[in-house]
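# Pasting the sequence and the predicted coordinates here, then a few questions.
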Amino acid sequence: QVQLVESGGGLVQPGGSLRLSCAASGSIGNIYAMGWYRQASGKQRELVARFTWAGSTEYADSVKGRFTLSRDNAKNTVYLQMNSLKPEDTAVYYCSSEIDSCSGYVCSRLDAWGQGTLVTVSS
């Protein structure tokens, strides 16, 4: 099984910063992509930032210049540094990964999701 364990959400004032972490664990093989999505109340889930292990990185236009995605390959972990936070960044943030789930030598590629972590930007 694959687990994505998130941490780092919370309450922050406008203009503040938070860092989210997501670690992949379990019976995993290759990681093809990993990143963050978010879902605000009453809205659809949207991409925030995402790596592909082939080397590309993409960000939502609304977070470019404010959020930075980084990773630690040895720990199968990605980090989302969020600066200059705005009230409209308030949402549940979900870690997501395209990843191999392995049982012995047999692996299946799947989309895994974390449980979500709430980020609230408010004064």
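Received, thanks.

# For stretch 1-9, what does the pLDDT average out to?
Mean pLDDT, stretch 1-9: 93.

# List the beta-bridge partners for Tyr93.
Arg38, Thr117 (DSSP bridges).

# contacting residues around it?
Glu6, Gly9, Leu20, Trp36, Tyr37, Arg38, Val48, Leu80, Gly116, Thr117, Leu118, Val119 (Cβ atoms under 8 Å, 6 or more residues apart in numbering). To be clear about C-beta, it is placed using only N, CA and C from the backbone, and glycine gets the same treatment.

# out of those, who has the most neighbours?
Trp36 (26 neighbours; other Cβ atoms under 10 Å).

# Settle this for me: that one is touching Ser97, isn't it.
No - with contacts counted by Cβ atoms under 8 Å, Trp36 stays clear of Ser97, the gap being 10.3 Å.

# who touches both of these two?
With Cβ under 8 Å, 6+ apart as the test, Trp36 and Ser97 both reach Cys22.
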